[in-house]
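[1] With the input below, show me the fold.
(one chain, ligands or ions: 2)
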Amino acid sequence: MISDLETVYGKEGASNISNAKILMVGAGGIGCELLKNLVLLGFKEIHVVDMDTIDLSNLNRQFLFRFKDIKNFKSKVACNLVEQFKFANFKTNLISYTENIMNFEVFDIEWFEQFDIIMNALDNLEARRYINKICQYVNKPLMETGTSGFDGYAMPMQSKITECFDCTAKETPVTFPVCTIRSTPSQPVHCIVWAKNFLFQQLFGEIDEHKDDEKDYGTEDEEEIARIKSEQNELNELVKLVRNSEITDLSLIVEKILNKIFLDDIKQLLKIDTLWKTRTPPTIISIDDIDFKLSKIEPKLDMNKDWSLKETIEQFVVTTKHLIKRQRQLNGALLEFDKDDLDTLLFVATAANIRSEIFSIVQKTVFDIKQIAGNIIPAIATTNAIIASFSTLNALKLLTADKQITDLKSTYTSWASGTSNKKYMSLVQFNKPNPECTVCSKVNNMIIKIGKKATLSQLIKSLKEKFGDKFPEDFTIMNLNGSSIVYDFDFEDLLNKNLFDIFHSNSSDNNDENTLQKADFLLILDEDMEDDINKPLQILLQWDKKDGTSNAVEFERIELIKYKRPQEEQPVEEESENPVSNDTEFVVDANGDILLSDSDKEEEEVEEPPSKKQKIETKHINENDDSDIEIILD
Ligand SMILES: Nc1ncnc2c1ncn2[C@@H]1O[C@H](COP(=O)(O)OP(=O)(O)OP(=O)(O)O)[C@@H](O)[C@H]1O
Ligand SMILES: [Zn+2]
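    Ligands and ions are numbered 1, 2, ... in the order given. Below you'll find the model as predicted:
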C-alpha cells in the first residue's frame, strides 16, 4: 500500500501521509466512509471520537457495524473493524474515544493542537459550531461535511483564510401559527404536528399544568377562547378515562376519543363562520361502520400505501388501545413519541390522516409521515460515500500535493431540481471569511495557558505587559460561559480572586444535565473612546492541569486588530445574505456566544401583534440537523 502511494504521490507525499495525525469527529454515516478511506490511505494516526452507541437503524448505511454490535460504541467498533482490514503494511494507529467532543476536560486545546487536520463527520449544528470555534484558536485545517438525502457538502476551511462554518447563516426553523395547527390546517404537516404535538402529547404525555389565564390561545377572540377552553376540558375528562386502570372497556374509551376529536370538535369549529369565509370548511366524516371492538388488524396494512378512511380509523382504534394498555402497564408513566416506536408512529399517522380527510388535505403514507414526524430525510449511503471521498481527497491534496487550503475546492451535491445545467455535483473555489462573522472575523482570538492560582489582576497585568499601549485603557472583561461581567471600570471586586474560581464557583448550577465540562472563554471589550478600537479579544483559557498551585500566565502575542467604531447614523443597508448587519453591537447570549444585537430587528419584534407571537416552531424538514422536530410554544 505504502509503495503504491509513493508511485502516486512521490516519496515526500507518501511520507507526509504516513506521518499525519488526523482527528475524525463522528463515526456515523459519513464517519464510517471517511475512516475506511483514511485507513486505506495509511495515515499515521487517526483519533476517532463518537459518544454514541450503534442502533439498529444505523446498520443500513453505517457499513462498519453489524447486528451484534448494536448498543456498543460506534468509535470503538469502527476502529476495531478497520483494524481487521488485512492488507500489507497496515500501520495506522487508531485511537477511539467515547466522549462528547465538546467535553473540554477530555479534549482540551493541547489535545486538539496535536492534529494536522480535523475532519468533521457530524450530524448537528452545536457540535459543528463548537469544532469551528475551536479551529479559530488552534488554526488547523478543518474538513467540514454534511449530507441530507441526496444533498451534501464537503468544505475545507481554515481560520482567517477561508469562510468558517458560521460565516453563512444557517436555516432557521419553519414556524406555524398555533391557530393553523389547532383550527385551520391546510397542509399534511399541519395535521402531523397536531397529531404528534397536541393529541398524542395530551393523551399520553405530560399534562399541561398552566393555569387558564397563563395560556396563550393564539387568538384574542373571546368566543374562540371559550370554545378552546371547553374543548380542552372535555379532553381532560377523556385523559382521566385513559389513565384510570379501573375502566377496562377500552373500546368505549376509544369511541369517546374518536367522537370528540374528529366529530364534536369539528362541529364546534364549523360554527365559527369567520374561519370559513375564505377557506374550505371541514367535513363531517361518518364512523357508523367502525367496529370499536377490534383489537388487531388482519391482514396488516402496507405502510407504503394509501389506506381507505375506514382502514385508517380502524388502525387508529387498535393502536390507541395498545398505547392505553402500554401506559397502564407502566403505571401511568408518560409515553414519548418515537418514530421507531410503531405504536406511537401509527397513532400519529392515523390521527393525522383522519384530520387531513376532514380538512380535504391530501393524505400521506405512514412511511412518509415517519419522515416528516421524525423530521428525517432518509440518509443516502451513496451521498455519504461521495462526500466522505471529497473530504478525503482534500485532506490528501493538502498533505501530498503541496497545496494550500485556498487551492482546495468545496464540493456540493444537490439533487438537480430547478437547476439549469442539471449538475448533481459542483466544485467551488473557496470563499473568503465573511467580514461580518462574529466567530472568525469580528473578534481577535487568543489562547491563554494559565495556572489555577492566577488572579484576575495577574491576567490583566500580563496582558498589559505583553501588548503595551496597544491594550485598551478602558475595558470590560466578561465570562462568556456565565455571560457575566468579571471586570470593568467601576467593578473591581474580583481583581484578587483566582480566575479559575471565578469561572468555576457556580459550576454546579451551570452544569448541563450530562455534566459536560465546557471550555472557558473570556471576552475583553475595548471601551476606549477613540474611533479606532480593538476588536473584542476572545480568550480561550487552557488551565494548567499538572500543577494546581501554579499562577503562571502564558500566551503567544497576537496582533490586536483594530476596527472603526460603528457610526451612530448608518445608511440603510440592503438586505444581505450575511448572518449579521453592519449596524450592530456585541451582546453575549446565555450560551456565552457573542451575538450582535440589531436594533431594527428588535423593533420589528416589538411591533409584532401578540397573537402572532405564539407560534409552533418546527425545524425545517430539509435542515441537516438533529432528527427531532422541535416544537416551541412561546
Ligand atoms: N458532540 C458530539 N461528540 C461526539 N460525537 C458526536 C457529537 N455529535 C454528534 N456526534 C456523532 O456524529 C455522528 C453523526 O453520524 P450520522 O449523521 O450518521 O448520525 P446518526 O445519529 O448515526 O444517524 P441518523 O441521525 O441518520 O439516525 C453520530 O454517530 C453522532 O453520535
Ligand atoms: Zn466566520
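[2] The closest residue to G29 other than its chain neighbours and K397: what is the separation?
    Excluding the flanking residues, the one nearest G29 by CB to CB, 6 or more residues apart in numbering is N384, at 4.4 Å. Every C-beta, even on glycine, is put in place using the N, C-alpha and C of the backbone. Using CB to CB, to the nearest Å, N384 is found at 21 Å from K397.
[3] again with L199
    L199 is 53 Å from K397, by CB to CB.
[4] So which residues of the stretch 151-300 of the chain form strands?
    Ranges of strands within the stretch 151-300 of the chain are 151-157, 174-177, based on DSSP state E, counting those that start in this stretch.
[5] wait, what's in contact with the residue nearest to G29?
    Listed by CB atoms under 8 Å, 6 or more residues apart in numbering, the contact partners of N384 are G29, I30, C32, E33, R61, T147, G152.
[6] Secondary structure class of it, three-state.
    helix (DSSP: H, G, I helix; E, B strand; the rest coil).
[7] Show the pLDDT at it.
    On pLDDT, N384 comes in at 96.
[8] Please tell me how far R565 sits from E554.
    Plainly put, R565 is 31 Å away from E554 if you go by CB to CB.
[9] Helix or strand with the lowest mean pLDDT in the chain?
    Ranking every helix and strand in the chain by mean pLDDT, DSSP states H and E puts helix 610-613 at the bottom, with a mean of 30.
[10] Looks like L346 contacts T319 (just checking).
    Yes - counting by CB atoms under 8 Å, L346 does reach T319; the two are 4.3 Å apart.
[11] what does this structure have sitting close to ligand 2?
    C164, D166, C167, C437, V439, C440 (CB under 5 Å from the ion).
[12] Reformat those as JSON lines; add pLDDT, neighbour count and distance to N120.
    Formatted as JSON lines, the residues of the chain next to ligand 2 follow (pLDDT from 0 to 100; neighbours: other CB atoms under 10 Å; distance: CB to CB, whole Å):
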{"residue": "C164", "pLDDT": "97", "neighbour count": "26", "distance to N120": "12"}
{"residue": "D166", "pLDDT": "95", "neighbour count": "22", "distance to N120": "13"}
{"residue": "C167", "pLDDT": "95", "neighbour count": "23", "distance to N120": "15"}
{"residue": "C437", "pLDDT": "93", "neighbour count": "20", "distance to N120": "18"}
{"residue": "V439", "pLDDT": "93", "neighbour count": "23", "distance to N120": "15"}
{"residue": "C440", "pLDDT": "94", "neighbour count": "25", "distance to N120": "16"}
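[13] Identify, from these, the entry nearest to ligand 1.
    D166 (16.4 Å; CB to the nearest ligand atom).
[14] Quick one: distance of stretch 55-67 to the chain centre.
    22 Å (CA atoms, centre = their mean, to the nearest Å).
[15] show me where the stretch 451-600 of the chain has helices.
    456-467, 499-504, 507-510, 599-607 (DSSP state H, counting those that start in this stretch).
[16] Out of those, which gets the lowest mean score?
    Note on these: lowest mean pLDDT is at helix 599-607, with a mean of 34.
[17] Next, the residue of the stretch 351-500 of the chain found nearest ligand 1: phi, psi?
    Across the stretch 351-500 of the chain, the shortest distance to ligand 1 (CB to the nearest ligand atom) belongs to A379, at 4.5 Å. Main-chain dihedrals, A379, degrees, to the nearest 10: phi -70, psi 130.
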